[in-house]
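Q: Take a look and give me a structure for this.
(one chain, ligands or ions: 1)
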Amino acid sequence: MPRVLTAAVAQMGPVARDESRVQVIDRLITMMRHAHARGAELVVFPELALTTFFPRWVLDSQDEIDSFFETEMPSNETQPLFEVGKELGVGFHLGYAEKLTGDDGVTHYFNTAILVDQNGEISGKYRKVHLPGHAEPQPGQPHQHLEKRYFEVGDLGFPAFRSMDGVMGMCICNDRRWPETYRVLGLQGVEMVMLGYNTPTTNPFQETESPHLGMFHNHLSMQAGAYQNGAWVLASAKAGTEEGVHHMGGSCIISPTGEMVVQAMTEGDEVIVAECDLDRGKYIRETIFNFDAHRRIEHYGLITERTGAVPPPEK
Ligand code: CDV
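A: Reported below is the predicted structural model:
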């Protein structure tokens, strides 16, 4: 039986600071309906999809910080998305800011993504590991990137899990640049990696990098991760100028061969769709990247025991 999952990526245009959860969920439901009309059984929404990208600001009041976080999922506001998904038989990936109080009474804050299946049940959760930026505001910068201030490093690793007849995995934004992300998922046999991203077009800390390189590196990382692990990559951007900061679009669906199958053309709300054969990467995982047959981790140790850069030549 062919395992073809028709999947959509729903890119979002900017979300304003004063846009309510109800307004945002309306946008997501509209895109979910478009995706369904085009045959999609799964929709991937971006990182921190429910609010503006608040880590660009220093927020002083804890109440204001907390207003960007969800304490339950589904919540009253997000419940309609779960209901429409169930009614249409469409699963979805959703990024959001998660606040929870552990058994120890300590409150934790994570940059989180969930996968919800076609029955409206949460079938997987991931918490972002690679948090870019700083904990303290950097003087003289046009905007900040303070994820280290507002989030803890994710505590779930990179789990792959069975859902929608496939082996699914997730990562979030900056994670997509790290080969380890895909490889840890690849070692679990992942067939589809979903992710969302909020990436400013110009990075004030990389002055020497021109904007076109930003998009090149965005796609390069994901196409390499897809090919080297024989997995689909579905990537959803928050795009356009949000609260004065321009974010790159370039949302895309990449096949396990590393090929770009479809790419968003706008910087607004836009749905792209592809038929994803979950067996497409099997030949890659059984030949070139057959980990059992060819991966030689015990030999890598011979050169990686020494950490850090090669020392400068002795004078
Ligand atoms: N949200 C992100 O993780 N953004 C980073 C930027 C700040 C470099 C990214 O890797 O796209």
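
Q: Up against the ligand, what does this protein have?
A: For the chain, the contact set with the ligand under CB under 6 Å from any ligand atom comprises 47, 132-133, 145, 173-174, 177, 197-199, 203. Every C-beta, even on glycine, is put in place using the N, C-alpha and C of the backbone.

Q: where does the stretch 201-315 of the chain have low pLDDT?
A: Within the stretch 201-315 of the chain, the set of residues satisfying pLDDT under 70 comprises 302-307.

Q: all helices for it, in order.
A: Ranges of helices in the stretch 201-315 of the chain, per DSSP state H, counting those that start in this stretch, are 211-229, 282-286, 291-294, 297-304.

Q: ok now do the residue nearest to Arg56 when sequence neighbours are not counted, which residues does it touch?
A: Sequence neighbours aside, His143 is the residue nearest to Arg56 in space, at 4.9 Å (criterion: CB to CB, 6 or more residues apart in numbering). Neighbour list for His143: 56, 200, 204, 244-245 [criterion: CB atoms under 8 Å, 6 or more residues apart in numbering].

Q: Using PyMOL, define a selection of the buried residues within those.
A: To isolate the buried ones among those in PyMOL, judged by 16 or more other CB atoms under 10 Å, type:
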select buried, resi 56+200+245
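
Q: Return the member of the contacts of His143 nearest to Leu156.
A: Checking the contacts of His143 against Leu156 by CB to CB gives Arg56 as the nearest, at 25.5 Å.

Q: The closest one against Pro142, yeah?
A: No. Look at Arg56 against Pro142 with CB atoms under 8 Å: they stay out of range, at 9.8 Å.

Q: Mind listing the shared neighbours of those two?
A: The contact sets of Arg56 and Pro142 overlap at Val245 (CB under 8 Å, 6+ apart).

Q: Report how many residues lie close to the residue of the stretch 201-315 of the chain found nearest the ligand.
A: Closest residue of the stretch 201-315 of the chain to the ligand, CB to the nearest ligand atom: Asn203 (5.6 Å). Using other CB atoms under 10 Å, Asn203 has 15 neighbouring residues.

Q: Kindly report the same for the one 3 residues further on.
A: Other residues within reach of Gln206, judged by other CB under 10 Å, total 11.

Q: ok, and the closest non-adjacent residue to Val90?
A: Ranked by CB to CB, 6+ apart and with sequence neighbours excluded, the top spatial neighbour of Val90 is His36, at 5.2 Å.

Q: picking up where we left off before, the contacts of His143 in strands, which ones?
A: The members of the contacts of His143 that map onto strands under DSSP state E are Val245.

Q: Please name the bridge partners of the most centrally placed residue in the chain.
A: The geometric centre of the chain, computed from its C-alpha atoms, lies nearest to Leu195 (CA atoms, centre = their mean), at 2.3 Å. Bridge pairing for Leu195 (DSSP bridges) gives the partners Cys171, Ala235.

Q: Surely it is in contact with Cys173?
A: Yes. Contact criterion CB under 8 Å: Leu195 and Cys173 qualify, at 6.9 Å.
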